[in-house]
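Participant: sequence and predicted structure, then a few things I'm wondering about:
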Amino acid sequence: MNSTYLTSVIKQFEYYKMLGDKSFDQLSDDQLFWKANEDSNSIAAIVKHLWGNMLSRWTDFLTSDGEKEWRDREGEFDDDITNREDMMTKWNEGWNCLFAALRPLTEAELENTVYIRNQGHTVTEAINRQLAHYAYHVGQIVFIGKMLRDNAWKSLSIPRGNSGTYNAEKFAQPLRKEHFTEEFLRPGTSEPE
């Protein structure tokens with residue numbers, strides 16, 4: 001895979017998966033199924049929706065419409081996941097499907113046309129569409145988790161009040177020529193920059 005775009009977008013997807021994983025690690029089983037009201041989605045329901053979308057979009061990505069006939073989008077929002085293990089199985093299955101479709105892509109395929117609900121997209125457009133969609137939902141997961149954990153929440157980025165110190169440390173270092181895609185985690189940690 002020689003494409004800077006493909007390398008970068010895979011790192012972005014990995015980053016959003018990591019944010020979800022680190023959110024789940026901070027939450028109790030009950031919190032994964034909490035809903036603000038009947039019209040809201042629990043974290044488990046959001047995960048189930050992401051799973052259904054990922055399987056539909058990334059299975060036979062280059063050769064079949066991204067909205068598969070077997071997908072049950074409405075059912076993705078049913079509260080029928082009953083435990084953390086089932087939720088995590090779906091979470092990982094969805095991401096594994098995505099990465100299995102993305103990693104073998106070549107730069108030459110980026111301008112190919114793929115379809116989502118019978119609408120043509122370049123491969124690049126389809127990837128960008130899904131990256132934005134998944135970031136939106138992972139943001140919901142993080143927000144719900146932060147709300148439920150309140151003061152016990154461990155920041156997944158630069159904690160409030162530490163921006164000045166963090167920036168001072170970064171600017172005190174020599175200028176780095178590496179691109180963001182080559183190192184998106186803080187060196188020596190699993191924390192995002």
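Facilitator: Right, received. Where do you want to start? All of these numbers come straight from a predicted model, not from anything done at the bench. Numbering: from 1, shown residues only.
Participant: drop to CA atoms for contacts and neighbour counts, all remaining ones
Facilitator: Will do.
Participant: tell me how the chain divides into domains.
Facilitator: 4-154, 157-193 (automatic domain parsing).
Participant: so which of those is the most surrounded?
Facilitator: With neighbours taken as mean count of other CA atoms under 10 Å, those reach their highest mean count in domain 4-154, at a mean of 17.
Participant: measure that one end to end?
Facilitator: 32 Å (CA to CA, to the nearest Å).
Participant: so for it, mean pLDDT?
Facilitator: Mean pLDDT, computed over domain 4-154, is 97.
Participant: for this protein, which helix is longest?
Facilitator: Counting residues, the longest helix found in the chain (DSSP state H) is helix 123-149.
Participant: show me what that helix is packed against.
Facilitator: With contacts taken as 3 or more CA pairs under 8 Å, 6 or more residues apart in numbering; DSSP states H and E, helix 123-149 sits against helix 4-26, helix 43-58, strand 113-116.
Participant: could you rerun that using 7 Å?
Facilitator: Here helix 123-149 touches helix 4-26, going by 3 or more CA pairs under 7 Å, 6 or more residues apart in numbering; DSSP states H and E.
Participant: what does the helix it packs on contact?
Facilitator: 131, 135, 138, 141-142, 145, 156, 181 (CA atoms under 7 Å, 6 or more residues apart in numbering).
Participant: show me the two of those that sit farthest apart.
Facilitator: The distance between the two most remote of those (CA to CA) is 26.9 Å, for G145 and T181.
Participant: ok, D78 - contacts?
Facilitator: A45.
Participant: for M88, see how far away it is.
Facilitator: Applying CA to CA to D78 and M88 gives a distance of 16 Å.
Participant: now M54
Facilitator: In terms of CA to CA, M54 sits 14 Å off from M88.
Participant: thinking again about what came up before, reformat the contacts of helix 4-26 as CSV; add distance to D29.
Facilitator: Formatted as CSV, these follow (distance: CA to CA, whole Å):
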residue, distance to D29
L131, 27
A135, 23
V138, 18
I141, 14
V142, 15
G145, 12
L156, 20
T181, 33
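Participant: for the residues you listed, which one is nearest T124?
Facilitator: Nearest to T124 out of the contacts of helix 4-26 is L131 (CA to CA; 10.5 Å).
Participant: which non-adjacent residue is nearest that closest one?
Facilitator: F13 (6.7 Å; CA to CA, 6 or more residues apart in numbering).
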